[in-house]
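Novice: pasting the sequence and the predicted coordinates here, then a few questions.
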Amino acid sequence: MRFFNKTRTLGLAASLTVGLIAWVISGDAINALIVAVLGEIIALLIDLHLTVTGELEDFKRADALRSALPARGPNKPDLEAYVANYATVTKNGNALLAAYAEERMLEAVEEMHNLAEGHMEIGPEQLQEKGAQILRNLKVGGFATALGHLYDFWLLEEQDNAAVNPAVADDDDAATDAARRDYQRQSLEAVQTRKVPITRVFLLESREVRLPAEFFRLIDDQARAGVVVLVAYVDRIPENLVEDFAIWDDKLVARVSWKPRPVVAPNGEKIVTSTVGKTAYHTTPGELQRARRQRDELLRHAVRWAEVRSRHTS
């Protein structure tokens, strides 16, 4: 503890003042000194109590914060070290590094706030991986739609790109295909091995549409595996139901956005296809209620794949 602080200085001044008053009134210097010493002892005791109480409260706050942090481990963040390193670079580090650290910290703070509020957003490069993770841990069941005319999500990148432009296929396509296969494998494993019910509604453009052979076989494979496969037609349902979304374990909503992707065919023809954009995940009651309403209404318009399968052969 510091010898001089605000409380102790005020206590000493008060003790001296009381001692002088006692001296003036009584005329006895010894009694005045005793009063001053007693006053100082009282001030020191009060200061000691305040200091110990303050330090104890600080310790409790620090301990509560520390206990809220995840346990350290090979795959766990060491947040204490993270904060310590941030303090080091922003106080004593290079100005460029300090400014960049502040930018990253602001992003992290905003993202953590969104997560605490029940919202998460990822880019297309993570969709297959996160989807497989969800299916791997699925316990209650799942419901999902699939936009039939945007089958880029299902077909393999190398196969798709090679059909349009053989020069496009590369290592990134191979990595995407591996993640895509894992997603599809986890879906079938959840249904077949763990007996977790999954319903998927394919949203097709119309009753007359003919599906590519690869996509047709993929739907058949899902139905044979035990996924409840249904079909609804975009030209026969309300516009607000035409969305790529899912409800997993009745507590997580996923909404996938799509964006145009222009490609050039070998003959030079420009073709506009679609590719996955950002995906948003929500756990809030409002988003869950909205998704459940969409699901229930969509199910009223849907029919089983087996009943309409013959219409859509290529």
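Specialist: Structure received. Numbers count the residues shown, from 1 in each chain.

Novice: tell me which helix or strand comes right after the helix or strand hosting R300.
Specialist: Element membership of R300, judged by DSSP states H and E, is helix 285-301. Per DSSP H and E, the first helix or strand lying C-terminal to helix 285-301 is strand 303-304.

Novice: ok so, going back, okay, buried residues for the helix holding R300 please.
Specialist: By 16 or more other Cβ atoms under 10 Å, the buried positions in helix 285-301 come out as E287, L288, R290, A291, Q294, R295, L298, H301. (C-beta placed from N, C-alpha, C; glycine too.)

Novice: go on, stretch 129-148?
Specialist: For stretch 129-148, the buried set under the neighbour-count rule, 16+ other Cβ under 10 Å, comprises 130-132, 134-135, 138, 141-148.

Novice: quick one: pLDDT of R181?
Specialist: Among the per-residue scores, R181 shows a pLDDT of 79.

Novice: which of the buried residues of helix 285-301 sits closest to V229?
Specialist: For these, the closest approach to V229 (Cβ to Cβ) belongs to L298, at 13.7 Å.

Novice: from A99, how far off is the closest one?
Specialist: Using Cβ to Cβ, to the nearest Å, we find L298 at a distance of 49 Å from A99.

Novice: do V196 as well
Specialist: V196 is 48 Å from A99, by Cβ to Cβ.

Novice: looking only at neighbour counts, state which of the two leads.
Specialist: Shown here are V196 and A99; by other Cβ atoms under 10 Å, V196 has more neighbours (18 against 13).

Novice: pLDDT and distance to L230 for the buried residues of helix 285-301 - can I get that in TSV?
Specialist: Formatted as TSV, the buried residues of helix 285-301 follow (pLDDT from 0 to 100; distance: Cβ to Cβ, whole Å):
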residue	pLDDT	distance to L230
E287	97	23
L288	97	21
R290	97	20
A291	97	16
Q294	97	14
R295	97	11
L298	97	9
H301	96	9
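
Novice: what's the closest of these to V201?
Specialist: Using Cβ to Cβ, the buried residues of helix 285-301 come closest to V201 at L298, 5.8 Å.

Novice: excluding sequence neighbours, find me the nearest residue to the closest one.
Specialist: Spatial nearest neighbour of L298, excluding adjacent residues (Cβ to Cβ, 6 or more residues apart in numbering): L241 at 5.0 Å.

Novice: what's around that neighbour, how many residues?
Specialist: Neighbours around L241, by other Cβ under 10 Å: 20.

Novice: so that it lines up with my notes, have the first residue be 12 from now on.
Specialist: In the new numbering, first residue 12, that becomes L252.

Novice: ok, it - contacts?
Specialist: Contact partners of L252, counting by Cβ atoms under 8 Å, 6 or more residues apart in numbering, are L214, A243, Q305, E308, L309, H312.

Novice: how does this structure divide into domains?
Specialist: 17-79, 90-128, 132-323 (automatic domain parsing).

Novice: surely G142 touches R196?
Specialist: No: in this structure G142 lies outside contact range of R196 using Cβ atoms under 8 Å: 11.3 Å.

Novice: from the buried residues of stretch 140-159, which is closest to E318?
Specialist: Nearest to E318 among the buried residues of stretch 140-159, with distances taken as Cβ to Cβ, is G159, at 15.8 Å.

Novice: got phi/psi on the closest one?
Specialist: phi -60, psi -30 (degrees, to the nearest 10).

Novice: distance of the spatially closest residue to it that is not a sequence neighbour from G104?
Specialist: Leaving aside its chain neighbours, G159 sits nearest to L215 (4.1 Å; criterion: Cβ to Cβ, 6+ apart). Separation of L215 from G104 (Cβ to Cβ) stands at 57 Å.

Novice: check E128 too.
Specialist: Between E128 and G104 the distance is 32 Å, computed by Cβ to Cβ.

Novice: so the two - more neighbours on which side?
Specialist: Taking neighbours as other Cβ under 10 Å, E128 and G104 compare with G104 leading, 16 against 11.

Novice: surely that one touches A112?
Specialist: Yes: using Cβ under 8 Å, G104 is in contact with A112, at 7.4 Å.

Novice: which of the three states applies to A317?
Specialist: helix (DSSP: H, G, I helix; E, B strand; the rest coil).

Novice: wait, it touches I230, no?
Specialist: No: between A317 and I230 there is no contact under Cβ under 8 Å: 10.6 Å.

Novice: looking at these two, which one has more neighbours?
Specialist: Under the criterion of other Cβ under 10 Å, the comparison of A317 against I230 puts I230 first, with 23 against 12.

Novice: name the helix or strand for the more buried one, please.
Specialist: Short version: I230 belongs to helix 224-236, going by DSSP H and E.

Novice: same for that helix, what does it pack against?
Specialist: The contact analysis (3 or more Cβ pairs under 8 Å, 6 or more residues apart in numbering; DSSP states H and E) places helix 224-236 against helix 182-203, strand 239-244, helix 316-319.
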